[in-house]
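A.B. asks: kindly return the folded structure for what I paste below:
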Amino acid sequence: MSEDSNYGTLPHDSSLIQGANSREGNNDKISGKAWGRVKNIVTRSQKYPKSVFFILGTEFCERFSYYGMRAVLILYLTNWLGFSEDVGTAIFHSFVMLCYFSPIIGAILADGYIGRYKTILYVSLLYAAGNLVMAITAVPPPEWYGPALGLILIGLGTGGIKPNVSSFGADQFRADQEKERYTFFSAFYFAINLGSMLSIILTPILRADVKCYGNECYPLAFGIPAALMVIATIIFVAGGSLYKKMPPSGNLIGRVFKCIWSGFCGRLKNCRSSDTKEHWLYYADSSKFEPEFIKEVQILLKVLFMFVPTPIFWTLSDQQGSRWTLQAEKLNGDLGALGTVKPDQMSAINPLMILVLIPIFEKFIYPWCERCKFLHRPLQRMSAGMILTVISFIMAGVLQMKIEDSLEPPLKEMESGISFYNTLHCEINIKTGDGLNFKIAPYQKSIYTVITAQENYVLNVTSCFPLLSKKVTLKPLEVNRMFVWSKDGKDVMLIKRQDLRSHPLEGKSKLSIFNGGALQNTQIVVVYNSHKGTISNQSGILFPSSEQKGEPFHPIYPGQYNLYWQESHDQNWTKHNSSFSIGQGAVYNLVIARNGTGVGSRTVLSLLTSVEVNTISMAWLIPQYFVVTVGEVLFSITGLAFAYSQAPITMKSVVQAAWLMTSAVGSLVVVVVAQSHFFTSQVLEFMFFAVLLTVATIMFMAMSCCYTYYYTSGHGNGFDDIEELIIEEKNEDIPLKHSNHPKHK
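C.D. replies: Numbers count the residues shown, from 1 in each chain. Next up is the predicted model:
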């Protein structure tokens, strides 16, 4: 998934990018092209520690849990808890930010105090508790403090798992099982993306297609991820006796910060001294920090400096789960033979494309790039990924422009909107006090008209009934429907009801029923025509007799429906002989009338549309998802491999924490922009982010031109010597050898 290409850490003996002149002269590439290695987990299982299978099962369930909850989160915040799109986006990215700040705590706990096994176990319990809180507090009525607690617990829990679980898996292998370790990372990566893809497809179905307490079933949509997290914890504990549990190696992250602080303070104390040193870090207390460690921190800082522009990439990429999902709400998910896609299912395209693109890039595109000397260096590929992400947001902005062009312009300050509905069996003619004339056929409606708001607005209705003259009040910025009907078949009446003029969200439509006297004292239920079994008031959307005069509007999913009515509770339900079709994103008024006044008159259904269905297909999101996913493959996977290769082997856990921090900072930028309310149009916001990443890309490319590559060889197990080989990118060809590390999820 988008921000998850930096998930987990590699074992310390992984040299991901090696120069051509490395000490051991090993020319074998660490290549991700061998996706067949995943199946080797089974075919060569006798060579694998049994504990590995428990870790893979744990990771699959944990990623299913995280992305299942995350898939429906933005809609839960905006449509169930009632937050605005800006506030919902800010909360969503605050949660993501916590998820990528908290791994520092997890890394410190694991490395410095209690070890990886206990850290994963304890935070898994915290994680599961957070999911359970989310599921329980999703029960009506909506309230925010329970979900807030749940998100905090999940953010802290997933942060404890992120920096530890893949390294814990790597710890299970012997030193002579290097090849098996690499196939483990392929399987680990596969489990991550498979779990996330399946959950993003499933949980929106549970949310939308299952009803709980008469509403969408958020308790179930959060409950299944909670159950998967509990299962993940059980699987992890079940393998406890099989694990190799490495003792804590010391708080390296804390020691790095202390070294930097000591060097900074020492430089300030000696700012006027004539005794200059190679680097300000060498002013650190030599009794606490040996020269070799200071040298490693110096190299680390050069790598971290290259991270400075990278958070903006995550600022854009992470919005696939927030702004792009909200954009999908405004599109038509009907894909014909492929069925109807829900807005929160669209982000499943990302892991699906990742699973397809990685082997293509590794087997075909990257080898071709190396032969042609095109995008064959890591920083070049990262720059290309950033450029593609810019393009994806320009595409999102263009699509958003088309969406906004299709919307009805808002009313001005002294304007009012009005539509007339004829529920009679004969044509009517309506003349207004300001000279407008509406001729409306039976069971039809007038066009929506914007007029000047006023009191005592005169309406004269001519029909097959006696003339009706009435005065109504039309308030500013108010939209109304006027229903012309006859209760007794003798006199004409007129009822004013408020209208809806905006497209419903969440892939739904809205439906109201106006019973023009055709059915007396009945309750009505609207049911999918595919419904099997006995009809009851629980079979579909219930409209009691009090809700059959044009209000309220009920949310309804697209599909083919039948109408049933029941005159009393002890009678059977009667089915109308005609069905009707509901589209996506529309507002409907179902008029129930009679085709005459005599004894032989029949009940007539007429489905009238206030707001037309969404006209732009959700399929138009696929190109921008494809472009941003290709950008992610180039940037994030390459970026983590680059960072690992450049950092001293003893500093790789620090690099991992820093790489996770870039995602956190990127989400912080989204929170600031969303809460500033600076942009009145989503188009402008998308274009702003595109420009922001363009500036960051130019900065990154300029920094890349001046960057000097550092290479390390050796196993880095704490006993081997480390030999550093320096090659300048501008003078040498730097081949990028590909890693099998999992994406950071």
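A.B. asks: for Gln498, name its beta-bridge partners.
C.D. replies: Going by DSSP bridges, Gln498 is paired in beta bridges with Asn480.
A.B. asks: low-scoring stretches of the protein, by residue?
C.D. replies: For the chain, the stretches flagged by pLDDT under 70 are 1-46, 182, 186, 598-600, 644, 649, 653, 710-745.
A.B. asks: and the next element down the chain from the lengthiest helix in it?
C.D. replies: As assigned by DSSP state H, the longest helix anywhere in the chain is helix 178-209. Per DSSP states H and E, the first helix or strand lying C-terminal to helix 178-209 is strand 211-212.
A.B. asks: so what does that following strand touch, helix or strand wise?
C.D. replies: Secondary structure elements in contact with strand 211-212, counted by 3 or more CB pairs under 8 Å, 6 or more residues apart in numbering; DSSP states H and E, are helix 218-238. Just so you know, the C-beta spots here come from the backbone N, C-alpha and C atoms, and that holds for glycine as well.
A.B. asks: give me the residues contacting the very next helix or strand once past the helix it packs on.
C.D. replies: Using DSSP H and E, the helix or strand that follows helix 218-238 in sequence is helix 252-269. Helix 252-269 has contacts (CB atoms under 8 Å, 6 or more residues apart in numbering) with 104, 107-108, 111-112, 280-285, 288-289, 293-294, 297, 300-301, 650-651, 653-654, 657.
A.B. asks: can you tell me which of these end up in helices?
C.D. replies: Residues of those located in helices (DSSP H): Ile104, Ala107, Ile108, Phe293, Ile294, Val297, Leu300, Leu301, Ser653, Val654, Ala657.
A.B. asks: buried ones from those residues, can you make that a ChimeraX selection?
C.D. replies: A single ChimeraX command is used to select the members of these judged buried by 16 or more other CB atoms under 10 Å:
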select :104,107,108,293,294,297,300,653,654,657
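A.B. asks: please, which helix or strand holds the most far-flung residue of the chain relative to its centre?
C.D. replies: Relative to the C-alpha centroid of the chain, counting by CA atoms, centre = their mean, Pro466 is the outermost residue, at 58.1 Å. If you go by DSSP H and E, Pro466 is not part of any helix or strand.
A.B. asks: what's the burial count for Ile622?
C.D. replies: 14 (other CB atoms under 10 Å).
A.B. asks: now the nearest residue in space to it that is not next to it in sequence: how far from Leu98?
C.D. replies: The shortest distance from Ile622 to any non-neighbouring residue, by CB to CB, 6 or more residues apart in numbering, is to Ile349 (6.5 Å). Distance, Ile349 to Leu98, using CB to CB, to the nearest Å: 26 Å.
A.B. asks: may I have the beta-bridge partners of Ser512?
C.D. replies: Per DSSP bridges, the residues bridged to Ser512 are Asn589.
A.B. asks: I figured it hits Ile592, correct?
C.D. replies: No: between Ser512 and Ile592 there is no contact under CB atoms under 8 Å: 11.3 Å.
A.B. asks: before we move on, back to that, may I see the buried residues of the longest helix of the chain?
C.D. replies: Residues of helix 178-209 classed as buried by neighbour count (16+ other CB under 10 Å): 180-204, 206-208.
A.B. asks: got the angle between it and helix 218-238?
C.D. replies: Relative orientation of helix 178-209 versus helix 218-238 (axes from the mean of the first three to the mean of the last three CA atoms, to 10 degrees): 160 degrees.
A.B. asks: which elements pack onto helix 178-209?
C.D. replies: Helices and strands touching helix 178-209, as assessed by 3+ CB pairs under 8 Å, 6+ apart, comprise helix 37-43, helix 51-75, helix 165-170, helix 218-238, helix 349-360.
A.B. asks: what's near enough to touch Phe307?
C.D. replies: Counted by CB under 8 Å, 6+ apart, Phe307 has contacts Ala643, Ala658, Trp659, Thr662.
A.B. asks: put the buried members of those into a PyMOL selection.
C.D. replies: Buried residues among the contacts of Phe307 (16+ other CB under 10 Å), as a PyMOL selection:
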select buried, resi 643+658+659+662
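A.B. asks: can you lay out the contacts of Phe307 as JSON lines showing secondary structure?
C.D. replies: Listed next are the contacts of Phe307 as JSON lines, based on DSSP: H, G, I helix; E, B strand; the rest coil:
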{"residue": "Ala643", "secondary structure": "helix"}
{"residue": "Ala658", "secondary structure": "helix"}
{"residue": "Trp659", "secondary structure": "helix"}
{"residue": "Thr662", "secondary structure": "helix"}
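A.B. asks: wouldn't the residue farthest from the centre of the chain be in contact with Val492 here?
C.D. replies: Yes: using CB under 8 Å, Pro466 is in contact with Val492, at 6.9 Å.
A.B. asks: show me what the closest residue to Glu415 other than its chain neighbours is bridged to.
C.D. replies: Among residues not flanking Glu415 along the chain, Val450 sits closest, at 5.3 Å (CB to CB, 6+ apart). Listed by DSSP bridges, the beta-bridge partners for Val450 are Gly417.
A.B. asks: what's near enough to touch Val450?
C.D. replies: The contact partners of Val450, by CB under 8 Å, 6+ apart, come to Leu411, Glu415, Ser416, Gly417.
A.B. asks: how deep is Leu411 tucked in, by neighbour count?
C.D. replies: Other residues near Leu411 come to 16 when the count uses other CB under 10 Å.
A.B. asks: so who does the closest residue in space to it that isn't next to it in sequence touch?
C.D. replies: Closest residue to Leu411 apart from its sequence neighbours, by CB to CB, 6+ apart: Leu477 at 5.1 Å. Counting by CB under 8 Å, 6+ apart, Leu477 makes contact with Leu411, Glu413, Glu415, Ser416, Ala453.
A.B. asks: ok, Leu477 to Pro410 distance?
C.D. replies: Plainly put, Leu477 is 8 Å away from Pro410 if you go by CB to CB.
A.B. asks: same question, Leu668
C.D. replies: Leu668 sits 32 Å away from Pro410, going by CB to CB.
A.B. asks: neighbour count winner among the two?
C.D. replies: Taking neighbours as other CB under 10 Å, Leu668 and Pro410 compare with Leu668 leading, 19 against 9.
A.B. asks: so which strand or helix has that one?
C.D. replies: For Leu668, the element it lies in under DSSP H and E is helix 652-676.
A.B. asks: angle of whichever helix or strand comes after that helix against helix 652-676?
C.D. replies: Next in sequence after helix 652-676, counting helices and strands by DSSP H and E, comes helix 682-705. For helix 682-705 against helix 652-676, the angle between stretch directions is 150 degrees (the same axes, to 10 degrees).
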